[in-house]
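**Q** A predicted structure for the sequence below; I have some questions about it.
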Amino acid sequence: MTGTEPAVSRIDTSRPHPARVYDWFLGGKDNYPVDEELGRRIAGLQGDAPRHARANRRFMERATRAVVRETGIRQFLDIGSGIPTEPNLHQIAQSVVPDARVVYVDNDPIVLAHAAALLRGTPEGVTEYVQADAREPERILEQAASVLDFDRPVALSLIALLHFIADDDGAHRLVDTLVGALAPGSCLVLSAMTADFDPENVRRGIEAYTASGVTLVARSHAEVGRLFKGLDLLEPGIVSLSDWRLSAEGESGDEGPVSLYGGVGVKS
């Protein structure tokens, strides 16, 4: 599923990549000068950008545990997985249910180069990696079906992905296609950037990304809500990531809202 072409030979270090910029925000080392340059520019314009990245990561952890405990789901499809940063989604899920099956999907060759770190799971569970673009949902579903049983519930994770895909570039078709393929009882776990809380700094961040050739889209609360159409939201609904079940996981409150909405929807 991971392909055979050496990943390192296909890494484009002349342009920043969202996964590598995110890695820099999280303090990782799997990024290049072009990614660090954009990351520093964003941090200079929007000083709390690294805090937002950390909040997004913690949301993924809390949401994954909530899905396992409250829905009993044992299968996960994580699209836009990014560079491995512990704890990874499969580590969280398999720490609760060791037999969880996880498929990661990303299109950055550097993620492929580190895929081995994503594939070390429990003996009872399964982890696999698919090299594919998120805009190819049919291909993703076809390849993931060798690991996941789509006749049974699956948790679909679109964490910090859709703000890199505009509506006219197929964001809604992507979600509709993927969710449409899921069995009843499945979940959509999603986080997406918004300008609702800090419009000026978000605008500056979007301009910096755009100048580097990276699409970045901010969505309102209502626009993020439309991505969950037809799904039943778990409490507390769609909120800033800093307000999504912090107390339930024993985390202390963050320093105000972050410019990302998050939520978990269940397919009935």
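**A** Cool, got the structure.

**Q** drop to CA atoms for contacts and neighbour counts, all remaining ones
**A** Noted.

**Q** which regions of this protein lie under the pLDDT threshold?
**A** Scanning the chain for pLDDT under 70 picks out 1-10, 45-47, 117-118, 247-255.

**Q** where along it do the strands fall?
**A** Along the chain, counting by DSSP state E, strands occupy 75-79, 101-106, 126-131, 155-159, 187-193, 231-233, 239-240, 260-267.

**Q** packing partners of the third one?
**A** Meaning strand 126-131. With contacts taken as 3 or more Cα pairs under 8 Å, 6 or more residues apart in numbering; DSSP states H and E, strand 126-131 sits against strand 101-106, helix 109-113, helix 115-118, helix 137-144.

**Q** so how far is residue 99 from the residue nearest the centre of the chain?
**A** A centroid search over the chain (Cα atoms, centre = their mean) returns residue 159, at 2.1 Å, as the residue closest to the centre. Noted for residue 159: a distance of 23 Å to residue 99, by Cα to Cα, to the nearest Å.

**Q** about what we covered before: and the helices and strands packed on strand 126-131, which is most packed in?
**A** Mean neighbours per residue, mean count of other Cα atoms under 10 Å, is largest over the helices and strands packed on strand 126-131 for strand 101-106, with a mean of 26.

**Q** to residue 25, which of the helices and strands packed on strand 126-131 lies closest?
**A** Across the helices and strands packed on strand 126-131, residue 25 has its closest neighbour in helix 109-113 (16.1 Å, Cα to Cα).

**Q** that older thread, tabulate the strands of the chain (TSV), appending distance to residue 67.
**A** Shown next, in TSV, are the strands of the chain (distance: least, Cα to Cα, whole Å):
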stretch	distance to residue 67
strand 75-79	10
strand 101-106	13
strand 126-131	18
strand 155-159	7
strand 187-193	8
strand 231-233	12
strand 239-240	17
strand 260-267	8
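
**Q** among the helices and strands packed on strand 126-131, which is nearest residue 192?
**A** strand 101-106 (17.0 Å).
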